[in-house]
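In: Here you go, sequence then predicted model.
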Amino acid sequence: MTNELLGVRVEVAAPGLAVQKPLVDHPLPGGLGHLAADRSRAILSVIGVGTFAIEDGCRIRFRPDADLPTGALSAWLHGTVMALLLAQRGQFALHASVVKIGGKGIAVAGFQRAGKSTTALRLRQRGHSFVTDDVSPVVTGDPVVVHPSTRPIHVHPESATTLGLDVSDARPVVTDHSKLALTLASNDPVPLGTIAVLEASDPSVPVETVRARGARAHWLIGQHTYRVGLLRELWQAEMFVWAGEIADRVPVYVVTRPSDQWSVDAVAEAVEHVALTDTRTGS
């Protein structure tokens, strides 16, 4: 059982916490459970998994359900629980996979099935270091820095086949789930040099790259904040400032690809190109 998250020990115990006047008190999307939270405390109940209590960004208690599926605790800890823990600390994460290219991190962002992990894995095969997958905590400053989240790499079996990955030691992310979990070596924080947002386009459109500037860049970062729909009810102003500070310091590109039969090599080359281009001069 996972026993630590971002330096916080996960206590297996009754939540022992009540949110007296929750600012959020509603079911989770998809009917998966329920969340009651204010800005310093959260009770997250997940059907078939258990109940998490997250407090002050420094304490996590977990009461498991009787038939906790293998892998489910890690999946929720490295997902929604992490997002709540970070937000209580005044920090947020990009919904992106980060690869280190030319000494800096490039965040490959995108909505579900955009190809984030597949592209990042191909970039690793091209000799670059895989820093963090899907959930990428970002601390603003000069420079902006990405901190590894310790989440395993999640990959669809068909993507593993396309990439020719050895998945003999992989395990299902969760019992009866199609995605596989691959071990990710620990990494140090890395300065964030570029954000590449993957978007699907018309099947006839080739891979194209366009720089996003100003309000557009700010909006894209906001849209690709991890668990944005869940967190903005509590930290909308803080998330807006955080996204703006990143947009001011880090170039943002939109990489469009055909919606079907897309070439991971063409996308990886486009991402690699923007990562190695000095876009700050004259921006």
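Out: In hand now; what should we look at?

In: hang on, isn't Ser129 packed against Lys100?
Out: Yes. The pair Ser129 and Lys100 passes the contact test of Cβ atoms under 8 Å, sitting 4.1 Å apart. Quick note: C-beta positions are derived from backbone N, CA and C, even for glycine.

In: More neighbours: those two, which one.
Out: The residue with more neighbours, out of Ser129 and Lys100, is Lys100; 21 against 15, by other Cβ atoms under 10 Å.

In: So Ala42: helix, strand or coil?
Out: Following DSSP: H, G, I helix; E, B strand; the rest coil, the label given to Ala42 is strand.

In: actually Arg232, not the one I typed
Out: Of the three states, Arg232 takes helix under three-state DSSP.

In: From the centroid of this structure, which residue is nearest?
Out: Val135 (2.0 Å; Cα atoms, centre = their mean).

In: Quick check: closest non-adjacent residue to that residue.
Out: Excluding its sequence neighbours, the residue lying closest to Val135 (Cβ to Cβ, 6 or more residues apart in numbering) is Ser149, at 4.7 Å.

In: what number of residues lie near the one you found?
Out: Look at Ser149: counted by other Cβ under 10 Å, it has 24 neighbours.

In: which ones are touching it?
Out: 6, 78, 82, 93, 132-133, 135-137 (Cβ atoms under 8 Å, 6 or more residues apart in numbering).

In: Would you mind reformatting these (as TSV) and adding columns for secondary structure, distance to Glu158 and pLDDT while you're at it?
Out: Converted to TSV, those look like this (DSSP: H, G, I helix; E, B strand; the rest coil; distance: Cβ to Cβ, whole Å; pLDDT from 0 to 100):
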residue	secondary structure	distance to Glu158	pLDDT
Leu6	coil	31	92
His78	helix	23	94
Met82	helix	27	97
Ala93	strand	26	98
Thr132	strand	23	95
Asp133	coil	17	94
Val135	strand	22	94
Ser136	strand	24	96
Pro137	strand	29	97
